[in-house]
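Chemist: Pasting the sequence and the predicted coordinates here, then a few questions.
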Amino acid sequence: MKHHLMMIHPQYAEKYTDFFRRHEWSLGKRRLDESGAFQQQTVSVVEASYEVSLEIAKQKKPHSIGETLIKPCALKMVKRVLGEASERKIQQIPLSNDTVKRRINEMSDDIKEKVIQEIKLSPTGMFAIQLDESTDVSSCAQLLVFVRYVFLCDIKEEYLSVHSLRPPHQL
């Protein structure tokens with residue numbers, strides 16, 4: 001730890017442990033006020049980001065639409081109807097291209113994990129996998145993987161994943 005401080009944060013290398021404990025405590029106080037309003041606001045901002053990212057995915061729109069169209073329009077509407085204080089709250093919602101992409105990937109991974117858990121919890125332990133090759137708009141071959149299984153006395157069929165297939169000369 002001392003080496004890390006000397007190399008990365010030399011201004012703190014000679015500080016005592018109490019300094020870091022006080023600093024940690026003050027950061028903790030700053031993150032959560034007694035009402036929990038800061039934490040609630042942060043949670044609601046992240047939830048809003050996920051909700052917008054889900055809608056972008058459902059509409060099959062480019063991820064950049066969040067920061068180039070949706071957020072600017074939302075800011076104008078909120079400022080006009082609710083005022084500048086509400087506009088500042090909306091401004092905190094992260095909708096960049098990378099953020100939307102990450103949120104969609106996280107939701108996708110979560111759904112995939114839930115499907116896998118349902119398969120594992122299936123009372124029969126039986127499942128079937130169906131593979132299908134498809135070509136996307138850029139003429140790239142893709143392998144689609146579907147799974148069928150029994151869960152809670154119901155036969156479920158779910159999309160599991162997609163994998164790009166490279167031509168043999170690119171292998």
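Modeler: In hand now; what should we look at?
Chemist: Can you give the domain ranges for this protein?
Modeler: Domain assignment of the chain by automatic domain parsing yields the ranges 1-31, 37-121, 122-170.
Chemist: So which of these has the densest surroundings on average?
Modeler: Compared across the domains of the chain, domain 37-121 shows the largest average neighbour count, a mean of 14 (mean count of other CB atoms under 10 Å). Where you see a C-beta, it was placed from the backbone N, CA and C, and this is true even at glycine.
Chemist: For that domain, give the mean pLDDT please.
Modeler: Throughout domain 37-121, pLDDT has a mean value of 91.
Chemist: next SSE after the lengthiest helix in the chain?
Modeler: Looking across the chain with DSSP state H, the single longest helix is helix 97-121. With elements assigned by DSSP states H and E, the helix or strand that comes after helix 97-121 is strand 127-135.
Chemist: I155 - nearest residue in space that isn't next to it in sequence?
Modeler: Closest residue in space to I155, ignoring its immediate chain neighbours: R148 at 6.6 Å, by CB to CB, 6 or more residues apart in numbering.
Chemist: Tell me the secondary structure at that neighbour.
Modeler: Here R148 is strand, with the state taken from DSSP: H, G, I helix; E, B strand; the rest coil.
Chemist: So in terms of bridging, what pairs with it?
Modeler: Counting by DSSP bridges, R148 forms beta bridges with A128, E157.
Chemist: can you tell me which residues contact it?
Modeler: Counting by CB atoms under 8 Å, 6 or more residues apart in numbering, R148 touches F127, A128, I129, Q130, I155, K156, E157, E158.
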